[in-house]
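Engineer: Sharing a model prediction with you, sequence too.
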Amino acid sequence: MKLIEAQGLRVSLGEHPVLQGVDFHVDPGEIVTIVGPNGSGKSTLLRTLIGAVKPQAGKVTRKPGLRLGYVPQKLQIDATLPLTVARFLSLPHRISRAEGRAALEEAGAGALEGRPMSGLSGGQFQRVLLARAILGKPEVLLLDEPTQGLDQPGSAAFYRQIEQIRARLGCAVVMVSHELHVVMSASDRVVCLNGHVCCQGHPETVAQAAEYRALFGTGTHGALALYRHEHTHTHDHAHERGHDHAHDHHHDHAGHGH
Ligand SMILES: Nc1ncnc2c1ncn2[C@@H]1O[C@H](COP(=O)(O)OP(=O)(O)OP(=O)(O)O)[C@@H](O)[C@H]1O
């Protein structure tokens, strides 16, 4: 059974049509990444999936009793509220110190326990929200641009943490990300959104798709270079005729840059 299934979504915000004819689903345990240009409706899709935005047409079906963990891109909290990270985690359900620590550790925010919420950076804040989401033992974890502001090694480390969380909880993960290079290798499925679903599938398939290339160009170093690279590897040992060929392509693309 699918954890979440959306069919024919149409969402307008104010006068602005944001999503049209969007179908989307989440299977148990999979990592799905939503990519797309700025303003393409990625955050709106996540918010519609969790029920925070009502679609004008279409419907979202969630498995009855589904446990969701949602980490928004931003969340306003009152800066004058004296609230430590540990206290924030035990609202509204009390948790033990050990549970709080373990969740922070798992979210990559181990050192933040005693810090005031109001003093956290955007990235630290999201880690704390992730820790809070983990405490709810979600079946689906939805993350809106969780690697924003991280450098490349930082994001790669973050994706490894997400995979560990998935392995331990067995949860599905739906993420929005701009970081094509890292995303492509960390996802089971990529959905490319631009108001509608342009293309979707296995990361490699999407990276090669004409619709994806039209949006992101062929200068997405990582995404394409990564796969060229893997491709040459498989041929390295095989000593096939195709080897030089693949190798040439690799340089070709790297050379084209943007
Ligand atoms: N409350 C709102 N009222 C009117 N328009 C809105 C509202 N919220 C978002 N929008 C518009 O809807 C469109 C989609 O926004 P959304 O945040 O879903 O895009 P996104 O793909 O997540 O963008 P980004 O990559 O920049 O985060 C944008 O053009 C945005 O300006």
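Structural biologist: Right, received. Where do you want to start? Numbering: from 1, shown residues only.
Engineer: pLDDT below threshold where in the stretch 1-150 of the chain?
Structural biologist: 79 (pLDDT under 70).
Engineer: one more time with 80
Structural biologist: Low-confidence segments of the stretch 1-150 of the chain, defined by pLDDT under 80: 74-81, 92, 149-150.
Engineer: Contact residues of it facing the ligand?
Structural biologist: 13-14, 16, 18, 36, 38-44 (Cβ under 6 Å from any ligand atom). Every C-beta, even on glycine, is put in place using the N, C-alpha and C of the backbone.
Engineer: now do 8 Å
Structural biologist: With Cβ under 8 Å from any ligand atom as the criterion, the stretch 1-150 of the chain comes near the ligand at residues 13-16, 18, 36-45, 47, 73, 144-145.
Engineer: Just the buried ones from those residues, in PyMOL syntax?
Structural biologist: Entered in PyMOL, the line below selects the buried ones among these, by 16 or more other Cβ atoms under 10 Å:
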select buried, resi 18+36+40+41+42+43+44+45+47+144+145
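Engineer: Out of the residues of the stretch 1-150 of the chain next to the ligand, which sit inside strands?
Structural biologist: Within these, residues falling in strands by DSSP state E are 13, 16, 18, 144.
Engineer: beta partners of the second one?
Structural biologist: In this entry, residue 16 is beta-bridged to residue 13, by DSSP bridges.
Engineer: same thing with the last one?
Structural biologist: Bridge pairing for residue 144 (DSSP bridges) gives the partners residue 176.
Engineer: I'd say it and residue 71 touch.
Structural biologist: Yes: using Cβ atoms under 8 Å, residue 144 is in contact with residue 71, at 6.4 Å.
Engineer: what sits against residue 69?
Structural biologist: If you count contacts by Cβ atoms under 8 Å, 6 or more residues apart in numbering, residue 69 has them with 130, 133-134, 136, 138, 140-142, 171.
Engineer: Quick check: phi and psi at it.
Structural biologist: Residue 69 adopts backbone torsions of phi -120, psi 120, taken as degrees, to the nearest 10.
Engineer: Identify the bridge partners of it.
Structural biologist: Taking DSSP bridges as the rule, residue 69 bridges to residue 141.
Engineer: Please report the distance of it from the ligand.
Structural biologist: Here residue 69 is placed at a distance of 19 Å from the ligand (Cβ to the nearest ligand atom, to the nearest Å).
Engineer: how about stretch 126-137: buried residues?
Structural biologist: 126-135.
Engineer: In terms of helices and strands, where is residue 212?
Structural biologist: If you go by DSSP states H and E, residue 212 is part of helix 210-216.
Engineer: helices or strands up against that helix?
Structural biologist: If contacts are counted by 3 or more Cβ pairs under 8 Å, 6 or more residues apart in numbering; DSSP states H and E, helix 210-216 sits against strand 189-193, strand 197-201.
Engineer: need the strands for the stretch 1-150 of the chain, in chain order.
Structural biologist: Using DSSP state E, counting those that start in this stretch, the strands found in the stretch 1-150 of the chain span residues 4-13, 16-26, 31-35, 57-62, 68-71, 140-144.
Engineer: can I get the ones you listed in a markdown table with distance to residue 103?
Structural biologist: Output for the strands of the stretch 1-150 of the chain, formatted as a markdown table (distance: least, Cβ to Cβ, whole Å):
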| stretch | distance to residue 103 |
| --- | --- |
| strand 4-13 | 23 |
| strand 16-26 | 22 |
| strand 31-35 | 20 |
| strand 57-62 | 24 |
| strand 68-71 | 11 |
| strand 140-144 | 13 |
